[in-house]
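Peer 1: from the sequence below, what's the structure:
(one chain, ligands or ions: 1)
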Amino acid sequence: MKDRKGIMAILSGFSGVGKGTIVGELVKRYGYVISISATTRLPRDGEKEGVNYFYKTTEEFEDMIKKEELMEYAKYVDNYYGTPKDYVLKQIENGNDVLLEIEMQGALKVKERFPEVALIFIVPPKVADLRERLLKRGTEDAEMIDTRMARSKEECKYLSHYDYVVVNDDLEECIRQIHEILEAVHNTKDNQKEHIQRLQEQFNI
Ligand code: 5GP
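Peer 2: Numbering: from 1, shown residues only. Modelled structure (predicted):
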């Protein structure tokens with residue numbers, strides 16, 4: 001058990017912005033815990049069950065919804081994606097900082113239920129970088145790239161719902177900025193609620 005309570009933060013970003021690399025580095029360097037989502041999307045080459053996602057059939061996923069096992073879920077380009085609840089809550093209780101790498105609809109649902117969650121959106125310097133990165137990655141065909149670009153355009157209309165917007169121009173700088181934001185989130189009044197309450201009790205307030 002750590003001496004401070006863990007925080008929950010959400011990292012979202014347009015498809016192709018480099019979220020995976022950024023999250024991977026944050027976990028490796030600073031020990032953040034990443035929530036592993038369930039999805040009905042098929043694994044990409046190199047992806048592993050229980051590492052990248054828990055891969056589910058639509059029936060299995062809908063069963064998880066019914067049993068209220070998910071903290072949130074959303075449909076993204078024809079597939080379900082959702083965050084298993086118990087794992088995240090347990091990690092926070094144990095003092096670990098948990099990162100959810102999820103899309104916007106799910107992020108806003110989590111914020112409604114847990115207002116103290118920090119919403120961070122990662123953007124590229126310019127839109128053309130996204131298509132270029134998706135083409136280079138080679139995991140989606142041209143039609144799917146167009147669909148993902150259209151989804152990013154939609155998400156761009158609602159960026160003001162996020163607490164922080166970080167530009168991924170220089171990868172190192174982007175990672176450093178996100179880590180600093182997460183450190184500061186520990187000290188927001190919402191995350192210090194219990195400590196404030198203890199102090200007030202000591203003052204007999
Ligand atoms: P991808 O197919 O590229 O792995 O993910 C597609 C989108 O789904 C990304 O924007 C990713 O952040 C989002 N995503 C991944 N897991 C979850 C989840 O558990 N819930 C929600 N709402 N979105 C997720």
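Peer 1: where exactly do the strands run in the protein?
Peer 2: Remark: strands assigned in the chain by DSSP state E are 8-13, 33-34, 38-39, 54-55, 70-76, 79-84, 98-101, 118-123, 164-167.
Peer 1: now the closest residue to K189 other than its chain neighbours: how far from N187?
Peer 2: Excluding the flanking residues, the one nearest K189 by C-beta to C-beta, 6 or more residues apart in numbering is I196, at 7.1 Å. C-beta coordinates here come from the backbone N, C-alpha and C atoms, glycine included. With distances taken as C-beta to C-beta, to the nearest Å, I196 is found 11 Å from N187.
Peer 1: compare neighbour counts for these two and give me the winner.
Peer 2: Neighbour totals were compared for I196 and N187, and I196 leads with 12 against 9 (other C-beta atoms under 10 Å).
Peer 1: what separates that one from T21, distance-wise?
Peer 2: 37 Å.
Peer 1: same check, this time on K2
Peer 2: Distance from K2 to T21, counting by C-beta to C-beta: 27 Å.
Peer 1: which one's more surrounded, those two?
Peer 2: Neighbour count, other C-beta under 10 Å: between K2 and T21, T21 has more, with 13 against 9.
Peer 1: quick one: the more buried one and C174 touch, right?
Peer 2: No. Using C-beta atoms under 8 Å, T21 is not in contact with C174; the gap is 9.5 Å.
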